[in-house]
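S.K.: give me a model of this one.
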Amino acid sequence: MQAIQQKLATGPAQLTGLLHTPDENAHQKRLPAIIIVPGGGYTHIPVAQAETLALAFAGHGYQAFYLEYTLIGDQQPLGLAPVYDLGRAIQLIHQNTAAWHIDPNHITPVGFSVGGHIVALYNDYWQTELPSRLQVPATELAVANVILSYPVINPVYGYPTEASTLAKWTTQPTELAADAYVNAHNRPTFIWATADDPLVPATNALAYAQAFAQQRLPYELHLFNHGPHGLALANSQTAWKPDADLPHAAHWLELALEWLKALD
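M.R.: Just a heads-up that it's a prediction; the model follows:
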């Protein structure tokens, strides 16, 4: 497996890839790609967890990446800067599909917590706003589908709780309301969360799913009965306390992989 790192534009954002060399004897010469967009409250990037998540997908035959994006320590208010970072990362992947043995029709961003916020907003804006903002053709921003893991969706649904924190995020909270901008260009979306998440209420995931349902867009929602915030793989690899090793919630990865396969 080859590891690569690429800086994005002139800011702090960086894309790291964990890439297979395709088996010469295999029928499939170009592989699907996933991009892990980790959480961290917009204050930090849990790199070790992001790498573990990327490796989990790599073990199932994906060219796997993770994104380190702009944080509030880099820029205030943050605005849509992390969404732009994801757009530049996806453009870079499109530009290197041949060199990196990637099927350009099977690129999936996978967001966790505020990383899910970034991915949900990207899903809303990739066709309508980002091409002009980034001066990039929409074809170089296209993704096949989206996975959201215990996502932040809209600041009015309980996270963040402090007005001072939200002020570091944006001066226009409505632009960060991902459920309000769902449109016909949104890609099929897999959403999972836990019903008793104490940090990011499940209302967030439900609101995004409801927006898809109202517009009759394809989505799949799994709301597990129990689990703390930040489950990641929900197994011993990523459990940050005993109650974060949850075999039931850990089924999300298998379910997501099955969902991705069904969309092929």
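S.K.: which stretches of the chain form helices?
M.R.: Under the criterion DSSP state H, the chain contains helices at 47-58, 81-95, 114-125, 130-134, 163-169, 203-214, 251-263.
S.K.: residue ranges in the stretch 101-250 of the chain under the pLDDT threshold?
M.R.: Low-confidence segments of the stretch 101-250 of the chain (pLDDT under 70): none present.
S.K.: rewinding a little: nearest to R30, of the helices of the chain?
M.R.: Between R30 and those, the shortest gap by C-beta to C-beta is with helix 81-95, which sits at 12.1 Å. For glycine as for every other residue, the C-beta is placed from the backbone atoms N, C-alpha and C.
S.K.: and the closest residue to P218 other than its chain neighbours, how far from D23?
M.R.: Leaving aside its chain neighbours, P218 sits nearest to P188 (4.1 Å; criterion: C-beta to C-beta, 6 or more residues apart in numbering). Relative to D23, P188 is positioned 28 Å away (C-beta to C-beta, to the nearest Å).
S.K.: who has more neighbours, the two?
M.R.: For P188 versus D23, the count of surrounding residues by other C-beta atoms under 10 Å is larger for P188: 20 against 10.
S.K.: list the contacts of that one.
M.R.: With contacts taken as C-beta atoms under 8 Å, 6 or more residues apart in numbering, P188 has the following neighbours: 144-146, 217-219, 263.
S.K.: can you verify my assumption that V156 contacts A177?
M.R.: Yes: the pair formed by V156 and A177 meets the contact definition of C-beta atoms under 8 Å, at 7.2 Å.
S.K.: more neighbours, those two?
M.R.: Set side by side, V156 and A177 give different neighbour counts by other C-beta under 10 Å, the larger being at A177 (19 against 16).
S.K.: quick one: that one and Y157 touch, right?
M.R.: No: with contact taken as C-beta under 8 Å, A177 and Y157 are classed as non-touching, separated by 9.2 Å.
S.K.: give me the distance between Y219 and A178.
M.R.: In this structure, Y219 and A178 are 13 Å apart, going by C-beta to C-beta.
S.K.: compare those two (neighbour count), which wins?
M.R.: Neighbours per residue, other C-beta under 10 Å: of Y219 and A178, the larger number sits with A178, 28 against 22.
S.K.: coming back round to it: from the contacts of P188, keep the buried residues only.
M.R.: Neighbour counting over the contacts of P188 (16 or more other C-beta atoms under 10 Å) leaves 144-146, 217, 219 as the buried ones.
S.K.: how about those residues in CSV, adding distance to T43?
M.R.: As requested, those are exported to CSV (distance: C-beta to C-beta, whole Å):
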residue, distance to T43
A144, 30
N145, 29
V146, 24
L217, 32
Y219, 29
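S.K.: list just the nearest of those to A211.
M.R.: Scanning those for proximity to A211, where the rule is C-beta to C-beta, the winner is L217, at 8.2 Å.
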